[in-house]
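> My questions concern the predicted model and sequence given below.
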Amino acid sequence: MAKESLPQITLRYNGLFDFDGLYAAVVDWAKNYGYKWHEKDYKHKVPSPAGAEQELTWEITKNVTEYIAHRILFTVHIWDLTEVQVDVNGKTKSLSSARIYIIINGTLVYDWQQAFEKGSKFAQMLGQWYRKLKAKDVESVYIDTLYYRIWNLHALLKKYFDMQTQKYAYKGYLKED
């Protein structure tokens, strides 16, 4: 299975946030764009006096065509995680206080069904020929779409953590927003 990886995108944040809201925002984003969301890993380390440590890995996938698929690997590492009760408009709300580091890796997968790869030598040659034939479309359509979708997810996270203005530089680029 041939793959093409995009540059990874990172985000660091230190402060108060609603962890359940973050979780829901990423899942909603995935559903909104037709992706499947899967939690691959969840590690919770025994809390120290500073707080707990968690490591999460989420995989977001979409089969774009019968030959091409998008895979987004979302890795979250959280340190010094503690629950804090905050008064919001007279109501008590539970928020998380932590340092968080998020890595987003995008990958374009060719032959996700392995129709050519698991076949005979002739089928493998056909797969290579097909990949060369579709190279122009792959770069101009499928890689660009994945690239800007990942930046859209990154902008959503930055907006969620209140780390940027309300504008998104690539908004409307894919003519979907």
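Perfect, thanks for sending it.
> Give me the contacts around stretch 19-30.
Stretch 19-30 is contacted by residues 36, 37, 58, 60, 74, 95, 96, 152, 153, 156, 157, 160 when judged by Cβ atoms under 8 Å, 6 or more residues apart in numbering. C-beta coordinates here come from the backbone N, C-alpha and C atoms, glycine included.
> For the fourth one, give its distance to residue 131.
What that stands for is residue 60. To residue 131, residue 60 is 24 Å away according to Cβ to Cβ, to the nearest Å.
> Between the two, which is the more surrounded one?
Between residue 60 and residue 131, counting by other Cβ atoms under 10 Å, residue 60 is the more crowded of the two (24 against 16).
> Now do the same contact list for the closest residue to residue 8 other than its chain neighbours.
Leaving aside its sequence neighbours, residue 8 sits nearest to residue 105 (Cβ to Cβ, 6 or more residues apart in numbering; 4.8 Å). Residue 105 is in contact with 5, 6, 8, 72, 73, 75, counting by Cβ under 8 Å, 6+ apart.
> Name the secondary structure element that contains the residue of the chain positioned farthest from its centre.
Ranked by distance from the centre of the chain (Cα atoms, centre = their mean), the top residue is residue 122, with 35.7 Å. Assessed by DSSP states H and E, residue 122 sits inside helix 121-133.
> So in the protein, which helix runs the longest?
Across the chain, the longest stretch assigned as helix under DSSP state H is helix 144-160.
> Next, the buried residues of that helix.
Across helix 144-160, burial judged by 16 or more other Cβ atoms under 10 Å covers 145-157, 160.
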